[in-house]
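Undergrad: dropping a prediction and its sequence here:
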Amino acid sequence: MSNLPKIIWSKIDEAPALATYSLLPIVNAFTKEAGVEVVESDISLAGRVLAAMGLAEDELSKLGEVVLQPEGNVIKLPNISASVGQLKDCIAELQGQGYDIPNYPENPANDEEKAIQAKYSVCLGSAVNP
């Protein structure tokens, strides 16, 4: 981390994302005056899926390192644990946006599908609360 004060704000999906849209501008107004930078870190389900497939940075792991540092400051809004249904919807939405990612194999039939399922498994449940 740099020597400048910084707060990392976790970007998530679901209803708490509304808090980001309404509260983050207020936080930014106060922190700017204090010389504190607020940066976003995408730990949304889509962000986690893209990271699991190697198409984005693994922001969740980075935050895990930040919180172990004495100067680490993270604001993480609560979110809901991702279900298989939400994961499948997210994959379909990302595919619709042009991302070349595989479907989630609920019942893997071979080693390749087992590997795909294992990659996606880090996105399920309470993955954002390690």
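TA: Yep, it's here.
Undergrad: how about the residue most central in space within the chain, what does it touch?
TA: Centroid-nearest residue in the chain: I43, 1.1 Å away (criterion: Cα atoms, centre = their mean). For I43, the contact set (Cβ atoms under 8 Å, 6 or more residues apart in numbering) comprises 10-12, 59-60, 63, 76, 128. Yep, even glycine has a C-beta here, placed from its N, CA and C like the rest.
Undergrad: with V36 instead?
TA: By Cβ under 8 Å, 6+ apart, the neighbours of V36 are 5-7.
Undergrad: of these, which is the nearest to V84?
TA: Set against V84, the nearest of the contacts of V36 by Cβ to Cβ is I7 (33.3 Å).
Undergrad: what about that closest one, neighbour count?
TA: Using other Cβ atoms under 10 Å, I7 has 15 other residues around it.
Undergrad: how about it, phi and psi?
TA: When read as degrees, to the nearest 10, the backbone of I7 gives phi -120, psi 130.
Undergrad: give me the nearest residue to it, chain neighbours excluded.
TA: Counting by Cβ to Cβ, 6 or more residues apart in numbering, I7 lies nearest to N73, which is 4.4 Å off, once chain neighbours are set aside.
Undergrad: where does the protein dip in pLDDT?
TA: The chain contains residues with pLDDT under 70 at 1-4, 14-15, 79-80, 126-130.
Undergrad: ok, back up a step: pipe the contacts of I43 into TSV and attach neighbour count and secondary structure per row.
TA: As requested, the contacts of I43 are exported to TSV (neighbours: other Cβ atoms under 10 Å; DSSP: H, G, I helix; E, B strand; the rest coil):
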residue	neighbour count	secondary structure
S10	21	strand
K11	19	strand
I12	23	coil
E59	20	helix
L60	21	helix
L63	19	helix
K76	16	coil
V128	21	coil
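Undergrad: nearest to V84, of those residues?
TA: The closest of these, once distances to V84 are taken by Cβ to Cβ, is V128, at 16.3 Å.
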